[in-house]
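A.B. asks: Below are the sequence and a predicted model; questions follow.
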Amino acid sequence: MSIVITRFPPSPTGYLHLGGARTALFNWFYARHTKGRFVLRIEDTDAVRSTQESVDAIFEALEWLGIDWDEGPYFQSQRFHIYEEYVQKLIHTGNAYYCTCSSEKLDAMRQLAMATGGKPKYDGSCREKGLKKSCDSVVRFRAPLSGTTVIRDVVKGNIVFQNSEQDDFIIQRSDGTPTYNFVVVVDDITMGINTIIRGDDHVNNTPRQIMLYKALGASLPVFGHVPMVLGKDKTRLSKRHGATSVTAYRDMGFLPEAMINYLIRLGWSYGDQEFFTREELIEKFSLENIGKSAGVFDMDKLLSLNADHIKATPPSMLSSHLLPFLKSKGYCAEQGDYLEKVIHTLNARSKTLEEMAEAARFYYADCISYEPDAVAKFFKPEAVKPLKLLVDKIDGLPDFTIKSLENVFSSVMEITELKLGKIAQPVRLALTGKSASPGIFEIMEILGKEQVLTRLNQAINFILKLSH
RNA sequence: GUCCCCAUCGUCUAGCCCGGUCCAGGACAUCGGCCUUUCACGCCGACGACAGGGGUUCGAAUCCCCUUGGGGACGCCA
């Protein structure tokens, strides 16, 4: 085969959800891995449900994930003349015919079939009538009545369907617009798509599409049906399961790299490896190791992977991702040395960017508010003495570094005969307002002498006021 | 109802194709411990699975059949 050409064909009837993102990723990585091409196609033949907002939302999500395309975006709504041409082609070759059965009649047939234990299908009433086009006619594909159609699926193996199970499905509606199974095939043929990776909810569509390929005399693409992503209750992922749009995860503070890693690894494996960068995925992703069974979406695992990616991203790279979260909390944060130092103290203790921004509050806050529980525990009268000593000694410090601060603490420990813990916790509370934080020496160095003294004095006054 | 797919720890999975090296390995979560100025990180350990039943075989997580369970599809939606 020449080069691999894959595609991602979302329909713009909503945001990009996790399942859709995953198929996009599978196609994109496979194209990149094989140095092939990736085509984006918007399936907007349903004029009623398709919206520009959805198109924009999909672009936004793809951009965030870092998925770019080599061709397109094509819009099916602009290709109706091509579909019309192919409809005529099928009619002329006898592979399609006009049908005037009413939808009421069809509905009734379906109901009856379901009730009596059969598969709902069109009964072929108009198949041999040789009807002409009329205002309420649809075009149906003349499907083979017997034999089998087999999907040679790269992930599931061969899947065999009895042709007797299929019916003469509609390829063009009475309003003249073409239907899904038909446009997909026409597009994939005319766009040269030779590798189709999609969710396995499409398996049942595939025999119909294969029939169309054959009727059109086109060669079949490689099919790969990947299992779906399920919610905790093991049903198809939906609004019920909380956030399902990709961009919602961006807003919660996930890194695109983590999202990609998680989504690809859910349903695909590379031995025992769990962590992958985008580059590694391009290098290692292939169709062979895609699993056959559906996977349950697990927030905890995503969270853990996000933490790993946060740790693995250099502070200078992470800052642009973190900045919006800092800003939305109203901090006066800006790109630069200070922010990078801040990140350096926080990146091993944050599972999301949102969490990290929250933890960074004391680095940007003007006045510190103390956690009540911590106040009760650490702001006792006896904490004043070491704090005062600290203030004095720090004030006279020629250089304000971790090393010199360590020395200051040691001498205060000696004078007061207190253990480090007894001194450190009140200081931590004074500096951050909390009982848990990064190491106090690194915090102090970043905050700077002036700010540290201010906060220490504030705390001393606070304690004094408390004890009166 | 009919058709299709799937089945290893709670979850994601390795192993399955080419049976023995698997009283089943890794990761997340959970629980212990170590490290430590706190919280994390890190490290060490524990818990925990071959859905059930029949075959085939000297031997089955691996091959075959059945049952059960789960998912998906059955539109003039995509």
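C.D. replies: Done, it's in.
A.B. asks: In this structure A:Ile42 contacts A:Gln78, no?
C.D. replies: No. At 9.5 Å, A:Ile42 and A:Gln78 do not qualify as touching, with contact defined as Cβ atoms under 8 Å. (Each C-beta comes from the backbone N, C-alpha and C, glycine too.)
A.B. asks: what about those two, which has more around it?
C.D. replies: A:Ile42 (22 against 10; other Cβ atoms under 10 Å).
A.B. asks: Count the neighbours of the residue lying closest to A:Val412 once chain neighbours are set aside for me.
C.D. replies: Spatial nearest neighbour of A:Val412, excluding adjacent residues (Cβ to Cβ, 6 or more residues apart in numbering): A:Leu389 at 4.8 Å. Using other Cβ under 10 Å, A:Leu389 has 18 neighbouring residues.
A.B. asks: looking at it, A:Leu389 is touching A:Thr416, isn't it?
C.D. replies: Yes. With contacts counted by Cβ under 8 Å, A:Leu389 reaches A:Thr416, the gap being 6.9 Å.
A.B. asks: would you list every one of the helices in the stretch 151-300 of chain A?
C.D. replies: Assigned by DSSP state H, counting those that start in this stretch, the stretch 151-300 of chain A shows helices spanning A:180-190, A:206-215, A:246-251, A:256-265, A:278-284, A:299-312.
A.B. asks: which residues are in contact with the longest one?
C.D. replies: With Cβ atoms under 8 Å, 6 or more residues apart in numbering as the contact definition, helix A:299-312 has outside contacts at A:249, A:253-255, A:257-259, A:261-262, A:265, A:274-275, A:277, A:318, A:347-348, A:350-353, A:356.
A.B. asks: same for RNA strand B: which of those are within range?
C.D. replies: A:265, A:274, A:348 (Cβ under 7 Å from any atom of the strand).
A.B. asks: list the contacts for A:Ala215?
C.D. replies: A:90, A:93, A:95, A:141.
A.B. asks: go on, A:Ser320?
C.D. replies: A:Gln335.
A.B. asks: circling back to that earlier point, and the residue nearest to A:Val412, what does it touch?
C.D. replies: Contacts of A:Leu389 by Cβ under 8 Å, 6+ apart are A:412, A:415-416.
A.B. asks: make it 10 Å
C.D. replies: A:408-409, A:411-413, A:415-416, A:423 (Cβ atoms under 10 Å, 6 or more residues apart in numbering).
A.B. asks: Please narrow these to those residing in helices.
C.D. replies: A:408-409, A:411-413, A:415-416, A:423 (DSSP state H).
A.B. asks: Most widely separated two among these?
C.D. replies: Between any two of the ones in helices among the contacts of A:Leu389, the greatest separation by Cβ to Cβ is 12.4 Å, found for A:Val408 and A:Thr416.
A.B. asks: Helix or strand, whichever it is, which one in chain A has the lowest mean pLDDT?
C.D. replies: helix A:103-115 (a mean of 84; mean pLDDT, DSSP states H and E).
A.B. asks: which residues of chain A fall in strands?
C.D. replies: Assigned by DSSP state E, the strands in chain A fall at A:5-8, A:37-42, A:71-75, A:96-99, A:138-141, A:148-153, A:157-162, A:170-172, A:195-199, A:222-226, A:229-230, A:295-296.
A.B. asks: okay, the ones you listed, which one's buried deepest?
C.D. replies: strand A:5-8 (a mean of 26; mean count of other Cβ atoms under 10 Å).
A.B. asks: which secondary structure elements does that one contact?
C.D. replies: helix A:18-33, strand A:37-42, strand A:71-75, helix A:180-190, strand A:195-199 (3 or more Cβ pairs under 10 Å, 6 or more residues apart in numbering; DSSP states H and E).
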